[in-house]
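Chemist: I would like to see how this sequence folds:
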Amino acid sequence: MKLILHIGTPKTGTTAVQRFLHRNNRALTKYGLHYATPPHNLGHANSIANALYAGDDRVVQTFLAKHVKSARQRGADTILISAENFYVRNILVAMQRGEVCPNALEDDRRVVENLQALLPDELATCRIVCYFRRPDRYAESLYNQHVKRGVIDGTFDEFLSCIEPALRYDTCIRSWADVFGRRNCVVRLYDTVENDVVGDFVANVLGIQDVTQFSHGHKQENERVSRDLLEFKRLKNRTARFSERYLDCTVFHLIEGEMGLRQEEPHCYQDFLSPDDRAKLLSRLQPELDALEASHGVPGFPPFDLENARATWGPYPGLSRERRQVIELHYDRINRRMAFRLERTVVRSAGFLRRTVPGTGIVIDALKRVGAKRAVHGFAVGLQRGIG
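Modeler: Residues are numbered from 1 along each chain as shown. Below is the predicted model:
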């Protein structure tokens, strides 16, 4: 039996691939493929990757053994697992604390070696699949996402100093290539297939050329918000309760819809790097990119035109006091809607019970694992849209 392990990276269409695989799990069976996910996750195995990095070998072993059995029962000869948290998880966790992870890549190598040791004997071969995006754009997109989700509240420069080890692509993938074999590592460039990552994955990873037989669902909405709104969210993250920061994601997309800020701003405001700083970053990382190209036979990343970027770029002037006041008014009004009040009450009640009632934390964690938090959030979002 074979294993295909899709390790990300984040911000390279991984969620779209995971949703496709989850939606078409039955249809993929006739190709001998079994898509393995934990019962409490919708379409990915990030909790298994988290357990691996946390040293919880029992969780990983149980998951793998269960899905080897399930694959055999379904007549599949290949297990497919997708989780972007397999990619240098330790660096991303340190980044959330605003720290640079010491010995990050050495630690990552040990985690990969441990994963190989945990694989059941039935899994004779393991193929690693990883999509990479030009590192400057990857870093900017990752920063944007983590600010929106309330994970961080620092500046982009602070974020970049923490995340830069994860941009050393050849070194990062080498941890996997040294353990599982370079020929068993499939490297793809997101930049060349951005408009159809799912189609590229199906054709070039799964080897299935006819994708018309599968359900593709609806195209995911663009989650990008204006720079002013993102800066407002970053500042909010500094004062908001950490447990409630994620709740603001929906609030900010509603504000974006009402104010249309993204249509007003120049496109260059979404650039967190000046043209010269972008060129310096890419220059520092060029040896890694060249090594990745040579080791895995991938084409070069799209080149960066410094002179053209200088001619079209303008620095983000910052969030003005007047704009901040207007956004604040929208934010306060939307937050007063019943659905958002209800959701915050649920989160705060859970936090209170965790602190004051012995053993409640275990129950709350169990409810999270079975998706209760997601269900409450979905209910609240649906309710606010219905009454908003």
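
Chemist: low pLDDT regions in the stretch 1-150 of the chain?
Modeler: 42 (pLDDT under 70).

Chemist: Scan this protein for its longest strand.
Modeler: Determined from DSSP state E, the single longest strand within the chain is strand 125-132.

Chemist: what's the following helix or strand after that one?
Modeler: Where DSSP states H and E defines the elements, the next helix or strand beyond strand 125-132 is helix 135-148.

Chemist: Report the inter-axis angle for that following helix versus strand 125-132.
Modeler: On the basis of axes from the mean of the first three to the mean of the last three CA atoms, to 10 degrees, helix 135-148 is oriented at 90 degrees to strand 125-132.

Chemist: mind listing what the longest strand of the chain pairs with, with the direction of each?
Modeler: strand 2-6 (parallel), strand 185-189 (parallel) (DSSP bridges).

Chemist: which residues sit against it?
Modeler: Under the criterion CB atoms under 8 Å, 6 or more residues apart in numbering, residues 2-9, 12-14, 87, 116, 119, 138, 169, 173, 176-177, 180, 184-190, 197, 201, 205, 292, 298 lie in contact with strand 125-132. C-beta here means a position set from N, CA and C on the backbone, and glycine is covered the same way.

Chemist: Residues contacting the helix or strand hosting Ala309, please?
Modeler: Counting by DSSP H and E, the element that carries Ala309 is helix 306-312. Contact partners of helix 306-312, identified using CB under 8 Å, 6+ apart, comprise 268, 275-276, 278-279.

Chemist: The same query, at a cut-off of 6 Å, please.
Modeler: The contact list for helix 306-312 (CB atoms under 6 Å, 6 or more residues apart in numbering) reads 275, 279.

Chemist: Grab the CA positions of that helix and hand them over as PDB.
Modeler: What follows is helix 306-312, C-alpha atoms only, in PDB (Å, rounded to 0.1, in the frame of the first residue of the first chain):
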ATOM      1  CA  LEU A 306      12.600  45.900 -10.000                       C
ATOM      2  CA  GLU A 307      12.500  48.900 -12.300                       C
ATOM      3  CA  ASN A 308       8.900  48.400 -13.200                       C
ATOM      4  CA  ALA A 309       8.000  47.900  -9.500                       C
ATOM      5  CA  ARG A 310       9.700  51.100  -8.600                       C
ATOM      6  CA  ALA A 311       7.700  53.000 -11.300                       C
ATOM      7  CA  THR A 312       4.300  51.700 -10.100                       C
END
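
Chemist: what comes up buried for it?
Modeler: Applying a neighbour-count criterion of 16 or more other CB atoms under 10 Å, one finds Ala309 buried in helix 306-312.

Chemist: coming back round to it: which of the contacts of strand 125-132 count as buried?
Modeler: Among these, the ones that count as buried by 16+ other CB under 10 Å are 2-9, 12-14, 87, 119, 138, 169, 173, 176-177, 180, 184-190, 197, 201, 205, 292, 298.

Chemist: how about TSV for the strands paired with strand 125-132, with distance to Arg262 added?
Modeler: Putting those into TSV (distance: least, CB to CB, whole Å) gives the following:
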stretch	distance to Arg262
strand 2-6	31
strand 185-189	27
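
Chemist: and Ser70, which of those strands is closest to it?
Modeler: For Ser70, the closest of those is strand 2-6, at 13.3 Å, according to CB to CB.

Chemist: after the closest one comes which helix or strand?
Modeler: Following strand 2-6 in sequence order, the next helix or strand is helix 14-23 (DSSP H and E).

Chemist: elements contacting that following helix?
Modeler: Applying 3 or more CB pairs under 6 Å, 6 or more residues apart in numbering; DSSP states H and E, one finds that helix 14-23 contacts helix 197-204.

Chemist: Next, the angle from the helix or strand following the helix it packs on to helix 135-148.
Modeler: Remark: after helix 197-204, the chain's next helix or strand is helix 227-239, criterion DSSP H and E. Interaxial angle of helix 227-239 relative to helix 135-148 (the same axes, to 10 degrees): 60 degrees.

Chemist: The helix or strand following helix 227-239 - what's its average pLDDT?
Modeler: Sequence order places helix 248-259 as the next helix or strand after helix 227-239, per DSSP H and E. Averaged over helix 248-259, pLDDT sits at 88.

Chemist: CA-only coordinates of helix 248-259, as PDB, when you get a sec.
Modeler: Taking Å, rounded to 0.1, in the frame of the first residue of the first chain, the C-alpha atoms of helix 248-259 are listed here in PDB:
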ATOM      1  CA  ASP A 248     -13.800  39.400  14.000                       C
ATOM      2  CA  CYS A 249     -13.000  37.700  10.700                       C
ATOM      3  CA  THR A 250     -16.700  37.800   9.700                       C
ATOM      4  CA  VAL A 251     -17.100  41.300  11.100                       C
ATOM      5  CA  PHE A 252     -14.300  42.700   9.000                       C
ATOM      6  CA  HIS A 253     -15.600  41.100   5.800                       C
ATOM      7  CA  LEU A 254     -19.000  42.700   6.400                       C
ATOM      8  CA  ILE A 255     -17.300  46.100   6.900                       C
ATOM      9  CA  GLU A 256     -15.400  45.600   3.700                       C
ATOM     10  CA  GLY A 257     -18.700  44.900   1.900                       C
ATOM     11  CA  GLU A 258     -20.300  48.000   3.300                       C
ATOM     12  CA  MET A 259     -17.500  50.400   2.800                       C
END
